[in-house]
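Trainee: no FASTA, just this:
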């Protein structure tokens with residue numbers, strides 16, 4: 001499984017993000033759907049119902065704590081919507097109760113995240129109400145009220161209760177059939193409206209068989225940067241084209257043209273959709289590049305050592321406040337833009353995904369001084385690196401700066417791997433299946449809780 005930095009196994013200063021032992025995986029299929037006008041109106045109505053449920057859940061929890069000091073949970077609200085909402089809102093029965101339950105679960109997860117971050121000493125924002133622009137998705141946490149139909153026959157479609165059957169494109173059917181052929185079972189569904197007005201479906205599968213590569217214990221470091229996107233310890237340099245930088249020029253031209261039209265006019269809306277389309281195209285291009293680069297990296301090494309970067313801190317704005325204004329704000333904005341163009345987090349994500357599927361391990365090691373440390377003698381000095389050249393002032397070791405950093409990360413990964421083996425090779429913690437409360441006769445001896453199927 002892929003573990004977050006917060007839940008990954010910690011060995012010294014390194015984190016075991018992927019342990020590579022899973023035989024079955026969870027994967028998501030992203031599909032384009034084209035509802036007709038009637039279906040689009042139904043999806044908009046269902047999204048409004050889900051948003052109302054989310055906002056009502058937050059209001060309910062606030063009022064319960066403020067008036068009675070009672071903490072309300074998701075299961076309590078599930079019971080209330082089962083008993084009361086059908087009478088108050090008859091239109092709910094058309095779509096089923098599942099999307100409303102899933103919206104309530106989103107609110108519950110928002111509160112859990114808030115309390116967790118507050119406990120860890122962070123300053124999280126309190127869960128707030130969602131407007132129409134900030135709530136774009138419809139969630140189904142279980143295979144209820146929706147299904148995939150006729151994938152192997154004529155007219156393959158995605159059925160959603162209250163909306164009807166929406167036709168699937170040939171590429172969408174091919175993607176779904178590949179996952180089903182590997183034993184995948186569709187479990188979750190998210191319907192989301194993009195800023196351009198198009199609808200997309202995200203189908204979550206579980207029990208997909210892994211495609212394991214030949215076992216290998218070779219450890220390789222991967223250094224990520226702005227100029228060279230990925231540098232490997234064997235000297236390979238991978239540079240991602242600046243898709244987003246090119247798209248920004250097109251987007252700027254569209255935005256200038258948009259300013260010449262009245263706001264909310266047909267031409268203004270059309271240009272808005274074109275801006276969103278340009279952003280989406282750049283995102284898909286960089287996503288595709290990162291996926292193929294990850295496949296190449298995972299094929300080379302059995303154990304991959306990544307630097308542990310805090311990208312959210314690295315891209316934080318330098319503006320400051322009115323009382324304490326920041327310094328070098330424009331320079332920091334340019335650096336942040338370059339970091340976003342390089343998409344370093346996206347590459348790390350796909351490396352973890354492909355490593356999990358191939359049965360590899362991924363370590364995140366301490367990145368401190370990795371660009372200034374000599375891979376040959378270990379000497380650390382700021383003057384060792386000058387641009388893309390690394391020249392050690394102690395042993396005169398000469399190499400490409402990013403390749404030297406990748407070699408340093410390799411040695412740190414080897415230390416983490418040896419310590420992990422000395423500990424008995426413990427694996428990452430597997431989360432327990434989410435529980436769902438069923439109406440059962442406790443007096444008859446049946447359990448009041450059951451694991452979600």
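Mentor: Looks like it arrived, so ask away. Here the structure is a predicted model, which means the values were calculated and not measured. Numbering: from 1, shown residues only.
Trainee: just give me the longest helix of this structure.
Mentor: Of all the elements of type helix in the chain, the one with the most residues (DSSP state H) is helix 266-300.
Trainee: for that helix, buried residues please.
Mentor: Of all the residues in helix 266-300, those buried under the rule 16 or more other C-beta atoms under 10 Å are 271-272, 274-280, 282, 285-287, 289-291, 293-294, 297-298. Backbone N, C-alpha and C define where each C-beta goes, glycine included.
Trainee: now do stretch 84-93
Mentor: Going by neighbour count (16+ other C-beta under 10 Å), the buried part of stretch 84-93 is 85, 92.
Trainee: so residue 398 touches residue 386, yeah?
Mentor: No. Taking contacts as C-beta atoms under 8 Å, residue 398 lies outside contact range of residue 386: 11.2 Å.
Trainee: check what pLDDT residue 329 gets.
Mentor: pLDDT for residue 329: 75.
Trainee: ok, it - contacts?
Mentor: Residues counted as contacts of residue 329 (C-beta atoms under 8 Å, 6 or more residues apart in numbering) are 317, 318, 319.
Trainee: looking at it, the second one is touching residue 325, isn't it?
Mentor: Okay, so that is residue 318. No. Taking C-beta under 8 Å as the contact criterion, residue 318 and residue 325 are not neighbours in contact, 9.4 Å apart.
Trainee: looking at the two, which is more packed in?
Mentor: Residue environment comparison for residue 318 versus residue 325 gives the larger neighbour count to residue 318, 15 against 10, counting by other C-beta atoms under 10 Å.
Trainee: residue 382 - how many residues pack around it?
Mentor: Counted with other C-beta under 10 Å, the neighbours of residue 382 add up to 10.
Trainee: kindly report the same for residue 389.
Mentor: As a measure of burial, residue 389 has 12 neighbours, counting by other C-beta under 10 Å.
Trainee: strands of the stretch 1-150 of the chain, start to end?
Mentor: Taking DSSP state E, counting those that start in this stretch, the strands of the stretch 1-150 of the chain run over residues 9-11, 14-18, 24-33, 137-140, 146-149.
Trainee: ranking the ones you listed by burial, who's on top?
Mentor: When you average the neighbours per residue for each of the strands of the stretch 1-150 of the chain (mean count of other C-beta atoms under 10 Å), strand 14-18 leads with a mean of 24.
Trainee: which residues are contacting it?
Mentor: 1-3, 5, 8-10, 306, 308, 352, 355-356, 360-366, 412-413, 415-416, 419-420, 428.
Trainee: check stretch 239-246 too.
Mentor: Outside stretch 239-246, the residues touching it (C-beta under 8 Å, 6+ apart) are 227-229, 281-283, 285-286, 289-290, 293, 340-343, 347.
Trainee: contacting residues for the residue nearest the centre of the chain?
Mentor: Taking C-alpha atoms, centre = their mean as the criterion, residue 349 is the residue nearest the geometric centre of the chain, at 8.1 Å. Listed by C-beta under 8 Å, 6+ apart, the contact partners of residue 349 are residue 290.
Trainee: quick check: it is in a strand.
Mentor: No. Counting by DSSP: H, G, I helix; E, B strand; the rest coil, residue 349 is not found in a strand; it is helix.
Trainee: quick one: it and residue 192, what's the gap?
Mentor: Relative to residue 192, residue 349 is positioned 19 Å away (criterion: C-beta to C-beta, to the nearest Å).
Trainee: and the residue nearest to the centre of the chain, how close does it get to residue 219?
Mentor: Between residue 349 and residue 219 the computed distance is 20 Å (C-beta to C-beta).
Trainee: quick one, strands of the stretch 201-350 of the chain?
Mentor: Taking DSSP E, counting those that start in this stretch as the test, the strands found in the stretch 201-350 of the chain are 219-224, 230-232, 237-238, 303-307.
Trainee: could those strands go into JSON lines alongside mean pLDDT?
Mentor: JSON lines is the format used below for the strands of the stretch 201-350 of the chain (pLDDT from 0 to 100):
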{"stretch": "strand 219-224", "mean pLDDT": "94"}
{"stretch": "strand 230-232", "mean pLDDT": "95"}
{"stretch": "strand 237-238", "mean pLDDT": "94"}
{"stretch": "strand 303-307", "mean pLDDT": "95"}
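Trainee: and stretch 260-275, average pLDDT?
Mentor: With pLDDT averaged residue by residue, stretch 260-275 scores 93.
Trainee: before we move on, what about stretch 84-92?
Mentor: In this model, stretch 84-92 has an average pLDDT of 73.
Trainee: mind checking the end-to-end distance for that stretch?
Mentor: When the termini of stretch 84-92 are compared using C-alpha to C-alpha, to the nearest Å, they are 11 Å apart.
Trainee: other residues contacting it?
Mentor: Applying C-beta under 8 Å, 6+ apart, the external contacts of stretch 84-92 come out as 45, 49, 93, 97, 100.
Trainee: pick the one among the residues you listed closest to residue 260.
Mentor: The shortest separation between residue 260 and any of those is 34.9 Å, and it belongs to residue 45 (by C-beta to C-beta).
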